[in-house]
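# sequence and predicted structure, then a few things I'm wondering about:
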Amino acid sequence: MKKLVFSVLILGAFCSFILLACDKKNDSKAIAPGYKSETGTGGNQNAGNITSTTGANPNPNVPTNNSQTPVGGLGWSFNSCGSGTLVSATSIVATRTTQTAPEIVTLNFLVTPTTGIYNVASSLGANNVQVTIQNAAGQPAGITWYGVGGTVSVITTSNSVNASFNSVFCKQALSANPIVNLSGTMGCI
């Protein structure tokens with residue numbers, strides 16, 4: 001008899017547990033999209049548009065169009081190649097300060113470049129050059145662009161380096177579009 005009573009109690013407890021677990025709760029404090037006037041909270045005003053900060057406008061500093069950066073000429077200045085008559089620069093920097101944020105184009109070589117053609121690449125190598133542009137013309141400020149294609153023709157003398165761009169284009173680190181085309185000539189003396 002004790003076994004039967006014990007079994008009935010266990011079965012009753014199990015059924016009660018199932019019923020309580022299946023009971024649907026109505027939580028009036030749950031997060032739900034809607035206007036503040038409708039919900040009484042500061043919910044997302046546009047529930048169909050998910051943003052990184054709920055209810056905020058997306059970042060307006062996002063580039064959307066391709067642009068061209070012609071290097072050299074009026075307004076551009078270049079770094080020194082080193083002292084004396086021996087060129088020893090592994091980086092060549094061109095700066096234009098005629099914009100609100102200075103436009104800076106940088107070429108990085110593994111070693112001091114010699115006359116020849118260098119492939120634009122993401123890593124340094126004997127025949128590679130890394131190209132970056134900060135604050136490219138026609139683009140929002142504060143973005144760095146990285147060279148992903150093209151070549152740079154270099155002509156060196158005992159006291160200068162000149163670099164010309166051949167179909168060089170740059171992209172952002174995490175986006176394939178848009179692109180910035182780089183043209184012109186830069187150097188150091």
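Right, received. Where do you want to start? Numbering: from 1, shown residues only.

# which helices and strands sit right next to the longest strand seen in the chain?
The single longest strand within the chain, with elements called by DSSP state E, is strand 144-156. Judged by 3 or more Cβ pairs under 8 Å, 6 or more residues apart in numbering; DSSP states H and E, the packing partners of strand 144-156 are strand 116-120, strand 128-134, strand 161-171, strand 180-188. (Each C-beta comes from the backbone N, C-alpha and C, glycine too.)

# so is the closest residue in space to residue 67 that isn't next to it in sequence in a helix, a strand, or just coil?
In space, and not counting its chain neighbours, residue 67 is closest to residue 138: 3.3 Å by Cβ to Cβ, 6 or more residues apart in numbering. Assigned by DSSP: H, G, I helix; E, B strand; the rest coil, the conformation of residue 138 is coil.

# residue 138 against residue 68, yeah?
Yes - using Cβ atoms under 8 Å, residue 138 is in contact with residue 68, at 7.1 Å.

# state the distance from the residue lying closest to residue 145 once chain neighbours are set aside to residue 108.
Once flanking residues are discounted, residue 145 sits nearest to residue 170: 3.8 Å by Cβ to Cβ, 6+ apart. Residue 170 sits 14 Å away from residue 108, going by Cβ to Cβ, to the nearest Å.
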